[in-house]
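**Student:** below are the sequence and a predicted model for it; my questions follow.
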Amino acid sequence: MKKISVIVPCYNVEREIDRCVQSLVAQSLSISNMELIFVDDASEDSTAQKLSVWEARYPDSIIVIRCTENGKQGTARNIGMQYATGEYIGFVDSDDYVEPAMYREMCRIADDERVDMVTCLFVREKEDGMIAIDAEKRADAGKSIWIRTEEERKKYMTNGSGGGVWSSIYRREFIIKNQLWFPEGVRYEDNYWGAFLAQALSGYYIINKPFYHYVIHNNSTIMQTNAVHHLDRLVVELMKVEEYERRGLLEKYHDEIEFNFLKMYFINTIRILFVRFREIPYDIIYIMQQNVKELFPDYRQNPYLKELPQLQWELLKMVEIPLNKEKIDILADGYRKVLREWQNQQKGWNS
């Protein structure tokens, strides 16, 4: 059995895929201990051909799966997990890359500490290699953190462990036992995975080193403007509430689920609508207001709301404001202005 299976969804990444693969085959863990699973999600460029070259070079360690229809990252990751045989499973986005010591160090810690998940820090990097946002050191790193009580789980649900699905490894038996999977056919599938990972974790470890390079592209999923797929955020959050109810968790962790819903469904989505859309989809905002009130009518009593930064709190107030297009435009312009001022301030501090 391979030590780790690394699953890489690929779609039209002919420019970046070689760098990604090179960073994986050059791991100090040794390629013989790795199972690299590339799921070509019906690419329309030369991605598949490039993957074939790598597969021929490392036939004992690289598997290329070719999809005839594009199912988005959630589908590709689920397919990859079906093929995985390693003791651990990791995920990498095909336009990103990793440091040589990443998987050796992560597997070593997972073996020693016997935790379900090991995660690391990451840097946000521009296409030209310049660091856009450096890794943020964490005070809770460098030790095993165990979730044994209901209060500890509530704390994890509200604070998380930082990073993303791509900067972590998981025990494969842990994934199978807890039936963790990604929603298919939608973007922002990581948000769903993280929510139910939080319900299953018993222990994790954060490495205080930036092993993962998250590369920001102007045409990436999160950066695209006027893209309908940004609204998938709303679909995923509603799916989460439905699944919480199905699992009988909504009452037990009501405040934590409600707080996360308010942030992910409303606050963060409003920010995206204000920043990523030239013409704001006003009707969507009206639906968002209605859904918050219907699903969580007493949300203003949530004890975690006092932790919200002031700007997020101001956005949440929009739930109760009678809105029309003119008011939304005024709020959006105001938010953009505050955001620009904050960004300019950040540039001044970093210069």
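**Tutor:** Looks like it arrived, so ask away.
**Student:** can you list the weak-confidence ranges in the stretch 101-250 of the chain?
**Tutor:** 218-226 (pLDDT under 70).
**Student:** ranges for the helices of the stretch 251-351 of the chain?
**Tutor:** With DSSP state H, counting those that start in this stretch, the ranges of helices along the stretch 251-351 of the chain come out as 254-261, 268-276, 282-295, 310-316, 325-350.
**Student:** nearest to residue 23, of these?
**Tutor:** Of all those, it is helix 325-350 that lies closest to residue 23, at 26.6 Å by C-beta to C-beta. Every C-beta, even on glycine, is put in place using the N, C-alpha and C of the backbone.
**Student:** which residues sit against stretch 267-280?
**Tutor:** Residues outside stretch 267-280 that contact it (C-beta atoms under 8 Å, 6 or more residues apart in numbering) are 223-227, 230, 233-234, 281, 284-285, 288, 308, 312, 315-316, 318, 328-329, 331-332, 335-336, 339.
**Student:** can you give me the buried ones in it?
**Tutor:** 267-271, 273-274, 277, 280 (16 or more other C-beta atoms under 10 Å).
**Student:** and stretch 287-304, what's buried?
**Tutor:** 288-289, 291-292, 295-296, 299, 302, 304.
**Student:** and the average pLDDT for it is what?
**Tutor:** Averaged across stretch 287-304, pLDDT comes to 98.
**Student:** make 107 the first number, not 1, from now on.
**Tutor:** Got it, the first residue is 107 from now on, which makes the last one we talked about stretch 393-410.
**Student:** and that stretch, C-alpha only, in PDB?
**Tutor:** The C-alpha coordinates for stretch 393-410 follow below in PDB (Å, rounded to 0.1, in the frame of the first residue of the first chain):
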ATOM      1  CA  ILE A 393     -34.000  35.800  -1.600                       C
ATOM      2  CA  MET A 394     -31.100  35.700   0.800                       C
ATOM      3  CA  GLN A 395     -32.800  38.000   3.200                       C
ATOM      4  CA  GLN A 396     -35.900  35.800   3.100                       C
ATOM      5  CA  ASN A 397     -34.000  32.600   3.600                       C
ATOM      6  CA  VAL A 398     -32.100  33.800   6.700                       C
ATOM      7  CA  LYS A 399     -35.300  34.900   8.300                       C
ATOM      8  CA  GLU A 400     -37.100  31.700   7.500                       C
ATOM      9  CA  LEU A 401     -34.400  29.300   8.500                       C
ATOM     10  CA  PHE A 402     -33.100  31.200  11.500                       C
ATOM     11  CA  PRO A 403     -35.800  33.700  12.700                       C
ATOM     12  CA  ASP A 404     -34.000  34.400  16.000                       C
ATOM     13  CA  TYR A 405     -30.500  34.800  14.500                       C
ATOM     14  CA  ARG A 406     -30.000  38.200  16.300                       C
ATOM     15  CA  GLN A 407     -29.900  36.300  19.600                       C
ATOM     16  CA  ASN A 408     -26.800  34.300  18.500                       C
ATOM     17  CA  PRO A 409     -24.100  34.500  21.200                       C
ATOM     18  CA  TYR A 410     -21.300  34.500  18.600                       C
END
